[in-house]
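Enquirer: What follows is a predicted protein model with its sequence.
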Amino acid sequence: MKKFVAISLFFVTLFFSSPIFASEVNIYSYRQPFLIEPLTTAFTDKTGIKVNIVYLRKGMIERMKAEGKRSPADVVLTVDISRLSALVEAGLTQQVVSQTLSTNVPEKYRDPAGHWFGLTTRARIIYVSKERVRTGEIKSYEDLADPKWRGKVCTRSGLNAYNLALTSAIIHHHGEDYAKKWLDGFKQNLARKPQGNDRAQVKAIWAGECDLSIGNTYYMGKMLKDPEQADWAKSVNIVFPTFEGGGTHVNVSGIGMAKFSPNKENALALMEFLSSGEAQEIYATANFEYPIAPGTKVDDLVKSWGSFNADNVNLMTIAKLRKKALKLTEIVDFDG
């Protein structure tokens, strides 16, 4: 097995270090290539630097650890603050100091130590039935535990990264004791055991199995563009809930520079380009998300869903509470 890994790493390194492309940069991405290719193409056209993309469904940390100092990765691109922070905690990123990145990326959407930078945001919203939930009937994340919704809520696994981030934010705002009670109340309100993805919950609302669910904003765009799912999307309204005394919970897609980047200058050039307003608008429009660079415009479809004020907390603070959120979710047996 060790011999196989060594041979595999040799060929990966050989491929990426080919002299055919003297000026290049290598991305390890949890996002599918077609979602970021418009950006990488624009970057290459502008700089002449070729971009190689390695798409990974999972196992980025394990792969980079196995590759060690021979890793060809220059930039890591992923979704969700927990995955970004996990790369940092694993020691697989390096500090980046850039005035361009600091200007383009608001403080709450970047690592205070400079190891990751957000590119776009998505809100964690509540999808509600147009037929069965009145306007203004649910307003906050705390309301998800209100007994009035007993048997009327659908959600994916509480152990999912997006839900753990929400629970982490509840801990941040209210403390662990409250969060445990909230999780238990939330569980009692479920119409069925947690299952599926965010879109599956909207389908359940459309089918009459529940009245509301939580999900990310961009899934509305994906459903509306899918002929088989458009009716699901049209059966719900979007509510931008807030925390009591806070704002709407958001998460990010983001980037970091790999610890052993062999092309640091190119990596920095790519990171700065991806943080630009031009690139963020392209990226956000393709994925139905919100660009975060000052002065950028939101896609018309996304804008039509309404506006919100994002919770004013650095996402690294939320990421640090993930272990506590996981423990509480397991204690209440949320998925059971």
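Expert: Thanks, I have it.
Enquirer: how near is the residue lying closest to residue 218 once chain neighbours are set aside to residue 201?
Expert: The shortest distance from residue 218 to any non-neighbouring residue, by C-beta to C-beta, 6 or more residues apart in numbering, is to residue 288 (4.0 Å). Any C-beta I mention is one placed from the backbone N, CA and C, and that applies to glycine too. Here residue 288 is placed at a distance of 17 Å from residue 201 (C-beta to C-beta, to the nearest Å).
Enquirer: and the two? which has more neighbours close in?
Expert: residue 201 (28 against 23; other C-beta atoms under 10 Å).
Enquirer: Check the secondary structure at that one for me.
Expert: Look at residue 201: counting by DSSP: H, G, I helix; E, B strand; the rest coil, its state is helix.
Enquirer: For the residue nearest to residue 218, give me its contacts.
Expert: Neighbour list for residue 288: 217, 218, 220, 221, 222, 299, 301, 302 [criterion: C-beta atoms under 8 Å, 6 or more residues apart in numbering].
Enquirer: now do residue 29
Expert: Neighbouring residues of residue 29 by C-beta under 8 Å, 6+ apart: 36, 53, 54, 55, 56, 76, 77, 78.
Enquirer: Of those, which is the most crowded?
Expert: Neighbour tally across those (other C-beta under 10 Å): the maximum, 28 neighbours, falls on residue 76.
Enquirer: quick check: mean pLDDT across the host helix or strand of it?
Expert: Following DSSP states H and E, one finds residue 76 within strand 75-79. Average pLDDT, strand 75-79: 94.
Enquirer: now swap in stretch 245-252 and tell me
Expert: Across stretch 245-252, the average pLDDT comes to 96.
Enquirer: That one: which residues count as buried?
Expert: For stretch 245-252, a neighbour-count test (16 or more other C-beta atoms under 10 Å) marks 246, 247, 248, 249, 250, 251, 252 as buried.
Enquirer: other SSEs contacting the helix or strand hosting residue 280?
Expert: Residue 280 is part of helix 277-287, with elements assigned from DSSP H and E. Contacts defined by 3 or more C-beta pairs under 8 Å, 6 or more residues apart in numbering; DSSP states H and E place helix 277-287 against helix 33-47, strand 117-129, helix 264-274, strand 290-291.
Enquirer: if we go to 7 Å?
Expert: Under the contact definition 3 or more C-beta pairs under 7 Å, 6 or more residues apart in numbering; DSSP states H and E, helix 277-287 sits against helix 33-47, strand 117-129, strand 290-291.
Enquirer: from the chain's centre, how far out does it sit?
Expert: Helix 277-287 sits 15 Å away from the centroid of its parent chain (C-alpha atoms, centre = their mean, to the nearest Å).
Enquirer: Could you pull out the buried residues of it?
Expert: Buried residues in helix 277-287, counted by 16+ other C-beta under 10 Å: 279, 280, 281, 282, 283, 284, 285, 286, 287.
Enquirer: Stretch 129-140 now?
Expert: For stretch 129-140, a neighbour-count test (16+ other C-beta under 10 Å) marks 129, 133, 138, 140 as buried.
Enquirer: ok, residue 246 - contacts?
Expert: Listed by C-beta atoms under 7 Å, 6 or more residues apart in numbering, the contact partners of residue 246 are 173, 311.
Enquirer: quick check, it in a strand?
Expert: No. The assignment for residue 246 is coil, going by three-state DSSP, so no strand is present there.
Enquirer: heads up, I number from 468, so please use that
Expert: With 468 as the first residue, the last one maps to residue 713.
Enquirer: which parts of the one helix or strand residue 638 maps to are buried?
Expert: Element membership for residue 638, per DSSP H and E: helix 628-641. Neighbour counts over helix 628-641 (16+ other C-beta under 10 Å) mark 628-641 as buried.
Enquirer: likewise stretch 606-624?
Expert: For stretch 606-624, by 16+ other C-beta under 10 Å, it's 607-612, 616, 619-624.
Enquirer: residues in contact with it?
Expert: By C-beta under 7 Å, 6+ apart, stretch 606-624 touches 630, 633, 637, 649, 652-653, 655-659, 661-665, 668, 671-672, 676-681, 708-711, 716, 802.
Enquirer: thinking again about what came up before, mind giving me the packing neighbours of the strand holding residue 543?
Expert: If contacts are counted by 3+ C-beta pairs under 7 Å, 6+ apart, strand 542-546 sits against strand 491-496, strand 717-725, helix 731-741.
Enquirer: List the contacts of the longest one.
Expert: When contacts are defined by C-beta under 7 Å, 6+ apart, helix 731-741 is touched by residues 490-492, 506, 510, 514, 516, 541-542, 563, 565, 567-568, 584, 586, 722, 724, 728, 746.
Enquirer: Just the buried residues of that helix, please?
Expert: For helix 731-741, a neighbour-count test (16+ other C-beta under 10 Å) marks 733, 734, 735, 736, 737, 738, 739, 740, 741 as buried.
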